[in-house]
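[1] quick check, what structure comes out for this input:
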Amino acid sequence: MVVLIILGLLAAMAMAMAQAPAPAAVPGANLYAATCAACHGADAKGDNGPNLTTLWASGATDDRVFDTIRRGVPGSVMPPSRAGDAEIRAIVAYLKSLAPATSDAARAAAERPQPVTLVTTTGERIRGERRNEDAFSIQIAETGGRLQGYLKRDLREIVRGERHDAATAADRRAPDRGVTYRDLLDGLRDPARWLTFSGDYSGRRHSPLTEIGRENVDRLAPEWTFQTGTTTRGRGFEATPLAWDGVLYVTGSNDLAWALDARTGRPFWTYRRELPPDLTYGAQAPVNRGFGMLGDRLFMTTLDAHLLAVDRRTGRIAWDTVIADYKIGYSATMAPLALDGKVIVGISGGEYPTRGFLDAYDPATGSRIWRFHTVPAPGEPGSDTWPAGPDIIARGGGGTWMTGTYDPDLNLLYWGTGNPNPDYYGEGRRGDNLYTNSLVAIDAATGTPKWHYQFTPHDTHDWDSNHVPVLADVAIGGATRKVVMVANRNGFFYVLDRRDGTLLLGKPFTDTTWAREIGRDGRPIVLNDGTRDCVPDQWGGTNFNPPSFDPSLGLIFVNARETCAVFVPQTPVNAPGKQNFGGVVRVDREKAYGALRAIDPATGARRWEFRLPSPSMAGVMTTASGLVFAGDNEGNFMAFDGRTGANLWRYSTGTPIWGAAPMTYMLDGRQHVVIASGTTLLQFAIR
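    Model prediction:
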């Protein structure tokens, strides 16, 4: 079951009849007042915490509410309860007595937002339903379904509660047509949009916008901050918002999601998934990296390994499909990639005895179209790189938890795969362990692999290859090649021909001592296995945090990590639903630092670097004005000159930028830049 919280309920709740607590709920009323009211309000309708009276109308059960009180909400300020079962049951009974009637008619009345007519300063009348409001702005759903925010300084009047029989000129506007496959193919040609995790199918994260440039970036100032109220301990706010028609759509930790007014950061709707109490990998890393988008739907993966289709206008669930069994270790955290008639979804859980795969689903129904297993079955190509035995295949690892890229001309997906399982103990899985730690080119129509390249054969360092592969045309050896580029966790930078997987370049972009060159057979020449002398730690020379490629400068920009770690393998215990790393990692933190590096993809040479005091997990974005935006572990959001590496601007967000990468878009004739940091989403523009 899921819980959907529509912020317009605040006005509608006044329509619900007050209900006196039933006699059995009276003890719960006293307990609630003593333990819960400070956050959720004396009437349980929300204060610092959310409204609790709407839970049952939104689909929760008594047992689910009980479980939530018992275990708390991970990543939030709500701790697990120490109360006895009888006391919690009494609180649940009291809350249920406050809940509005749940008949279909009553629920429809409670969820009906307030009708409004906005009269602009030019006299235009715009009808719709109120979704949110403060003293300076109002957010509405127009009669055609379009979500739109308005600043009150641009309005002459707000007429509330009026209903008209005759359609006005504003009502006859074309309804929101939704995002088409053509829109996705066009990518960032319309700079008012950001429709995929990377902005377009190429993974370059490079915007054509130039309003913010070297000459004025020092005047970049915050416009608004959105507080999510949820966090992931030891991780970050890792999502990239999508931008469409003045609305930002973004997911957060613990499977929350929002549609935000891009002008103010105020939500049109909020979604929160009701998660089971026995999550496995989803409890270890309760993150989410964003939505996919197609038509009038958003697509979201969940910590209990489901794929959701969310109505973009309302936040309601259109369909809910099970991807895998979360109880044995699976989870889903990546931003889905929408194609023509398909939604591509990967899986997490490689630190548990699971078998990785990549799926395609029908965006209309949620039915699965194909599945590609990253650990081949006996008799399939690559199966000879594993020991025989069905139990080894079933727990081989190879997660696919980072969004890949797509070449529509070749109809190929490019997807990175994760570590073999167990992570650090390789004795029980002798061989190269295909297709783990690889880049795989997959036929988007059938899910059939066309070629692969394995970066780290028989990995024993948890050096996942879950990166964003970057597609570009690059001049190498006197010829322009269609390439895919990967700055890998093992410390090497690779350039491959994306048509057939031919290795064109493989050079270190870090100071790794694990290997310093690639042999003629395309394999790394290993100098140090990391069991005695230090090699990059388990987070690697870089991680999933996205790079960016500026085609005009001919440079790819990567946040590199320089670390020193020794790996100690240990015989693991393999059991469903239990982690089995197979060892420990000893990290020398005194030797660690980070650097934003500019790399020439034709030669692998470092053009410049900006050194950071600690390794960074922040992503990178470039713009056509020659700027490079990046973050660091100290919480700085920064802009650099892409030609020289000179720092031109910075803003302290107050918390590490961890896993997130910037995005940018145009609205009302101005360029805006957005970054996620800690528990907040921040937007900037030129002052």
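
[2] helix, strand or coil for the closest residue to Ala309 other than its chain neighbours?
    The shortest distance from Ala309 to any non-neighbouring residue, by CB to CB, 6 or more residues apart in numbering, is to Ala318 (4.1 Å). Placement of C-beta: from N, CA and C, glycine included. At Ala318, secondary structure determined by DSSP: H, G, I helix; E, B strand; the rest coil is strand.

[3] hmm, Val310 and Ala318 touching each other?
    Yes. If you go by CB atoms under 8 Å, Ala318 and Val310 touch, sitting 6.8 Å apart.

[4] okay, Ala101: pLDDT?
    Predicted confidence (pLDDT) for Ala101: 58.

[5] same thing with Val65?
    pLDDT, Val65: 84.

[6] before we move on, what about Gly8?
    36.

[7] all helices of the protein, in order?
    Under the criterion DSSP state H, the chain contains helices at 9-12, 26-35, 37-40, 62-71, 85-98, 104-111, 181-186, 281-284, 390-394.

[8] deepest-packed of the ones you listed, please.
    Highest mean neighbour count of those: helix 281-284, a mean of 22 (counted as mean count of other CB atoms under 10 Å).

[9] list the helices and strands that helix packs on?
    Packing partners of helix 281-284 (3 or more CB pairs under 8 Å, 6 or more residues apart in numbering; DSSP states H and E): none among the helices and strands.

[10] what residues does it touch?
    Residues from elsewhere that reach helix 281-284 (CB atoms under 8 Å, 6 or more residues apart in numbering): 74, 275, 302-305, 326, 329-331, 333, 348-349, 351-352, 579.

[11] pLDDT weak spots in this protein?
    1-26, 45-50, 54, 56-59, 73-77, 100-111, 162-175 (pLDDT under 70).

[12] could you break it into its assigned domains?
    3-110, 113-160, 185-686 (automatic domain parsing).

[13] reformat these as TSV; add distance to Gly178.
    Putting the domains of the chain into TSV (distance: least, CB to CB, whole Å) gives the following:
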stretch	distance to Gly178
domain 3-110	20
domain 113-160	9
domain 185-686	4
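
[14] do you know which of the ones you listed lies nearest Asp176?
    Closest of the domains of the chain to Asp176 is domain 113-160, at 4.3 Å (criterion: CB to CB).

[15] now the residue most central in space within the chain: how far from Val322?
    The centroid of the chain falls nearest to Arg289 when counting by CA atoms, centre = their mean (0.6 Å). Arg289 is 20 Å from Val322, where distance means CB to CB, to the nearest Å.

[16] swap in Leu307?
    Counting by CB to CB, the gap from Leu307 to Val322 is 8 Å.

[17] before we move on, what about Asn636?
    For Asn636, the distance to Val322 - CB to CB - is 41 Å.

[18] who has more neighbours, the two?
    Shown here are Asn636 and Val322; by other CB atoms under 10 Å, Asn636 has more neighbours (20 against 14).

[19] touching, the more buried one and Ser652? I think so.
    Yes. Taking CB under 8 Å as the definition, Asn636 is a contact partner of Ser652 at 5.9 Å.

[20] residue contacts, Ala598?
    So Ala598 contacts 555-557, 606-609, 628, 642, 645 (CB under 8 Å, 6+ apart).

[21] run a quick neighbour tally on the nearest residue to it once chain neighbours are set aside.
    Excluding the flanking residues, the one nearest Ala598 by CB to CB, 6+ apart is Arg607, at 4.2 Å. Using other CB under 10 Å, Arg607 has 18 neighbouring residues.

[22] and Arg607, how far is that from Pro615?
    From Arg607 to Pro615 the distance is 21 Å (CB to CB).

[23] close enough to count as contact, Leu147 and Glu129?
    No. Using CB under 8 Å, Leu147 is not in contact with Glu129, being 10.3 Å away.

[24] between these two, what contacts are shared?
    Counting by CB under 8 Å, 6+ apart, the residues touching both Leu147 and Glu129 are 140-141.
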